[in-house]
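In: Need a 3D model of the following:
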Amino acid sequence: MTGHRRRRSARSALAVGILGLFGSSCGAADAAVRIEGQVQIGGGAVAGSTVGLWAASANAPSRLAQVTTDAEGRFVVSVDAAPNGASSLYLIASGGAPAVAKPGGDSKGLELLAVLGSDPPPRVVINELTTVASAFTNARFLDGESISGNPLGLKIAAGNVPNLVDLATGGWGKALLDPINSTQTTTLATFDTLGSLITAYAVLGDADWRGRLFKAATPTAGPQPKNTLEAMVGVARESWADPKGLFGLFAEAYPQPADGARRAAPFLPYLLYAPDDFSLMLAFAGGGMYANGRFMFDADGNLWSGQNWMPGSQSGAVNSIGGGVLEMAPNGKPLSPPITGFTGMGLDGVGWGTAVTRDKVWVTSFNGKLLVMDFDGKPVATEQDLPFKQKLRGLMGIGVADNGDVWIADGSDDQLLFFPEGRIKDGRIVKVAGLRSPFDIVIDPQNRVWVSNAQSDTIVRFPADDPTKTETFRAGISVRALAMDSKANVWVTSNMSPDFPIPRMPDHASIMTQFEILGKALLTYPKPTGVVNLILPDGTQVAPKGFDGGGAIDVPWGVNIDGNDDVWVGNLGPYPLGRSVVLMAGVDTQGHKPGTRPGDVLHVFKGGSIQMLTDVAIDPAGDVWAANNWNDPVAATSDNPNRATSTWGGGSGLTVIYGVAAPVKPPRIGVTRGF
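Out: So this is what the prediction gives:
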C-alpha cells in the first residue's frame, strides 16, 4: 500500500538523516558536527560559560563535547562522530560571567538550554528564550541536564522549538510571530516574562529572590529546582502551581516606574497582569482546517482530523459546505491540501468520525459516506467496494479494536456498521437494542463494545461476538465522547446536566439538526451544564451523577487520557463559561496533592486561540492539542447570519499547549498506552 511505502520512506529518511549527522563505522569523516555559537544573558555576552553538546535518545544522553566561552561569550563546538541512533542534539550552557550582571553577582545556578534536534543549525545563540522554548517543548523528557525518552517524542519536541524561538538569533520563532499568536493570545508576553525571570536571576545577585523563584517554580510532588533550567521545566510541567508568585517576582525585579513608563524588562512585550497560569500555547491552521472534529495521531505523530465545514465558507448548522480531512505534522505544518483537505469516496463534511488504525485512516461523513485512506491521503477503496445497499445518512464515531475490527456509529439510523479486521468489502450492519443516535465507540480489552447515545443519557455495552447481550449505563444528557484509560476505565462526556431543560428533538434528527437545536438552547442557558462520568470495567460508577468540576465543566465534548491516566476534557460551551481545556485527576494517578480524587479538577486552560472545543488529544511529546469546532455560536446556528461574521461559525485553527501532559503512544486503539 502507498501508506506503507510512505511510512517506510519516512522512517528511512530519518535514519539516513541520523547517519548523515553522526556517521557510521565506514564514513566517520562525513559525520562531523560543527556549531558556532554565543551564550547571552540580557542581550550581553556570558564569558567563561561551560557549554556541553549532548545527544539525547531513549537511553541516558551522551556528552559529545565540552568547551568554554571566550570574553565575548562565543564558542565553537565540534565532534567527528556521535553515537548512532541519537534523535536530538542539545546544548547546555552552565555558569559564566554575564556582562550585564551587577557587581557581586554570582552565576551559580545559571543553566541555559538550546535543543537543536537531529539537524542542528551551523550557528546558535543560547539565551533565556532558547531555554524557555526548549524547556517547555521538552518538559516531559528533562531531568536536570539530562534529556531522554521515547525517540518519537524527542523528535516532536525538538521540531517544535523553532515555533517559539529562532535558534540562530535567540529571537522569536516564526509561529509565535504570526497574526494570531502574536496579538490574539498572551503567549508572546508570557514567553518574554519567563525569559526576563532568567535574566533577573543572572543580573540581580539576590539570593533571597532566587530562592523564592525556585520555590514558585516547584511543581506539586516535585523537587525544588536548583538552577534556572530546572525552574523553567517546573513551570512548564505545572504552569498553574504559583502564577501570582512568579508574576510578583517579575514585578519585583523590574519595578513599574511611577510615571507609568515601561518596566526595564529585557524582553517586550511582557505580561501586564498576573496570569492564571504560565502555559505556552500556539495556534496553527491550514490544510483545509475549519471546524475540527475528532483528533487522532498516527504512528509517526501526524495529526488526522475530519473537518465539519470548508474553510472560507459561510457554513453553520443550518447551511453548510462540507469539509475534508486534515493532516498536520507534529510541528503544526499542514500536510493535507489547502481548503479541501483530503477527500474521496463521496465524503462531504465530517463530524466525529476519524480513526487511525495501524495501516489506514477511516473517516465518516455527514452524508453517510465512508472514506478509507492510506497515509498519503489516497483512498484505498471505492464507494462500490462498500457492501451496503441501503442509503446511509449521518455516520459518526469510529471505534477500532486491538484485533483490527472497525465499528462505526450510524447516528441517523440507530445502528452500527461492522468491518471484521478492517476488511472493507466484508462490512455489515449490526442492530443493537438501546441505540439513540449513537455517537462514539470504544472497544475494551475484553472485546466489549461501548457506544454513547447522543439523543439519550445512556451508554450501551455488549460483547463484540454477541450484540444481543447489552448492558446500559446512565450518564448526563446527550452523551458524546468516550475514552479508556490504561486500566480500561471508561470516561464519558455528556453535553448537558440532568436538570437541563431539553428542547424537543425530532426522531432520527441529523447531527446538524441536533447541533442547531441544542446550540440555540445552550446559548440562552445562564449557567454551566454537562458532566463527566467514570465507569469501571466491572460496571461500577464511582460518581453516578457525574463530575461537573464545580462549574469548570461546560458542555463537555471530547475527552482523552494521558500517559499518567489523567483526564483531559474539551469544553464546547460558549464564552465566558466554556472555551477551555479542563484537566481532571484520573484513577490512581501520580504527582497530585494528597487527597486528590478521580474527577477533581486540577486546572482549566484558557487562551485567546482556544475557541468552542470538540476534542483534546495528547501527543508522544506530552503536548495537548485542542480542536476548535465553533467560534461564533450565533453565526453557527443562524439561518440568516450577519454577513460580516458569516464565516465565523466554525472554529478557526487548533491550539497546542506544550509539555503539560504525560506522553501517549499512537495510534490510540483501545486503552491508553503511555511510554
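
In: Kindly point out the strands partnered with the strand or helix carrying Val39 and how each is oriented relative to it.
Out: Using DSSP states H and E, Val39 sits in strand 33-41. For strand 33-41, sheet partners with direction are given as strand 44-47 (antiparallel), strand 74-79 (antiparallel), strand 123-126 (parallel), following DSSP bridges.

In: got a markdown table for those strands, with mean pLDDT too?
Out: As requested, the strands paired with strand 33-41 are exported to a markdown table (pLDDT from 0 to 100):
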| stretch | mean pLDDT |
| --- | --- |
| strand 44-47 | 96 |
| strand 74-79 | 96 |
| strand 123-126 | 98 |
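
In: okay, those strands in a markdown table with mean neighbour count and distance to Ala189 next?
Out: Every residue, glycine included, has its C-beta placed from N, CA and C. Conversion of these to a markdown table gives the following (neighbours: other CB atoms under 10 Å; distance: least, CB to CB, whole Å):
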| stretch | mean neighbour count | distance to Ala189 |
| --- | --- | --- |
| strand 44-47 | 21 | 23 |
| strand 74-79 | 17 | 31 |
| strand 123-126 | 21 | 21 |
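
In: Compare these and give me the one nearest Phe500.
Out: Of all those, the one in closest proximity to Phe500, counting by CB to CB, is strand 123-126 (53.9 Å).

In: which other helices and strands contact the helix or strand following the closest one?
Out: Where DSSP H and E defines the elements, the next helix or strand beyond strand 123-126 is helix 128-137. Contact analysis of helix 128-137 by 3 or more CB pairs under 8 Å, 6 or more residues apart in numbering; DSSP states H and E lists strand 111-117, helix 151-164, strand 165-166, helix 187-204, helix 228-237 as its packing neighbours.

In: TSV please, covering these and showing mean pLDDT.
Out: TSV is the format used below for those (pLDDT from 0 to 100):
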stretch	mean pLDDT
strand 111-117	97
helix 151-164	98
strand 165-166	98
helix 187-204	97
helix 228-237	98
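
In: tell me which residues in stretch 116-132 are buried?
Out: Of the residues in stretch 116-132, 116-118, 120-121, 124-132 count as buried by neighbour count, 16 or more other CB atoms under 10 Å.

In: For Phe191, state which of those is nearest.
Out: Using CB to CB, Val132 is the member of the buried residues of stretch 116-132 that lies nearest Phe191, at 6.1 Å.

In: ok, now which ones touch the closest one?
Out: The neighbourhood of Val132, defined by CB atoms under 8 Å, 6 or more residues apart in numbering, consists of Leu164, Val165, Phe191, Leu194, Gly195, Ile198, Met232, Leu280.

In: The fifth one: neighbouring residues, count only.
Out: Read that as Gly195. 25 (other CB atoms under 10 Å).

In: Phe267 is in contact with that one, correct?
Out: Yes: with contact defined as CB atoms under 8 Å, Gly195 reaches Phe267; the gap is 4.9 Å.

In: Now the common contact residues for those two.
Out: For the pair Gly195 and Phe267, residues contacting each of them under the criterion CB under 8 Å, 6+ apart are Glu128, Leu129.

In: Poorly predicted segments of the stretch 1-150 of the chain, please.
Out: Along the stretch 1-150 of the chain, segments meeting pLDDT under 70 span 1-31, 82-86, 104-106.

In: And the chain, by the same measure?
Out: Short version for the chain, where the test is pLDDT under 70: 1-31, 82-86, 104-106.

In: switch to 90 and redo it
Out: With pLDDT under 90 as the threshold, the chain has low-confidence stretches at 1-33, 80-87, 101-107, 119, 204-206, 221, 389-390, 501-526, 542, 574-578.

In: Just the helices from it, written as ranges.
Out: Counting by DSSP state H, the chain has helices at residues 2-22, 128-137, 151-164, 179-183, 187-204, 207-216, 228-237, 243-253, 511-523, 633-637.

In: and those helices as a markdown table, adding distance to Leu371?
Out: A markdown table is the format used below for the helices of the chain (distance: least, CB to CB, whole Å):
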| stretch | distance to Leu371 |
| --- | --- |
| helix 2-22 | 13 |
| helix 128-137 | 33 |
| helix 151-164 | 26 |
| helix 179-183 | 29 |
| helix 187-204 | 35 |
| helix 207-216 | 50 |
| helix 228-237 | 38 |
| helix 243-253 | 44 |
| helix 511-523 | 17 |
| helix 633-637 | 24 |
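
In: and of the ones you listed, who's closest to Asn403?
Out: Distances from Asn403 to each of those were compared using CB to CB; the minimum, 19.6 Å, belongs to helix 2-22.

In: Settle this for me: Trp309 is touching Ile321, isn't it.
Out: Yes: Trp309 sits in contact with Ile321 when judged by CB under 8 Å, with a separation of 6.3 Å.

In: what residues are shared contacts of the two?
Out: Any residue near both Trp309 and Ile321 by CB under 8 Å, 6+ apart counts here, and that gives Ser315, Gly349.

In: which of those two has more neighbours?
Out: Remark: of Trp309 and Ile321, Trp309 carries more neighbours, 25 against 14, as counted by other CB under 10 Å.

In: That one pairs with what?
Out: Each beta-bridge partner of Trp309 is listed here: Gly322, as defined by DSSP bridges.

In: and it, what does it touch?
Out: For Trp309, the contacting residues are Tyr290, Ala291, Ser315, Gly316, Ser320, Ile321, Gly322, Gly323, Gly349, Gly649, Gly650, taking CB under 8 Å, 6+ apart as the criterion.

In: okay if I get those as CSV plus distance to Phe675?
Out: Rendered in CSV, the data for the contacts of Trp309 read as follows (distance: CB to CB, whole Å):
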residue, distance to Phe675
Tyr290, 33
Ala291, 32
Ser315, 39
Gly316, 41
Ser320, 39
Ile321, 40
Gly322, 37
Gly323, 33
Gly349, 35
Gly649, 38
Gly650, 34
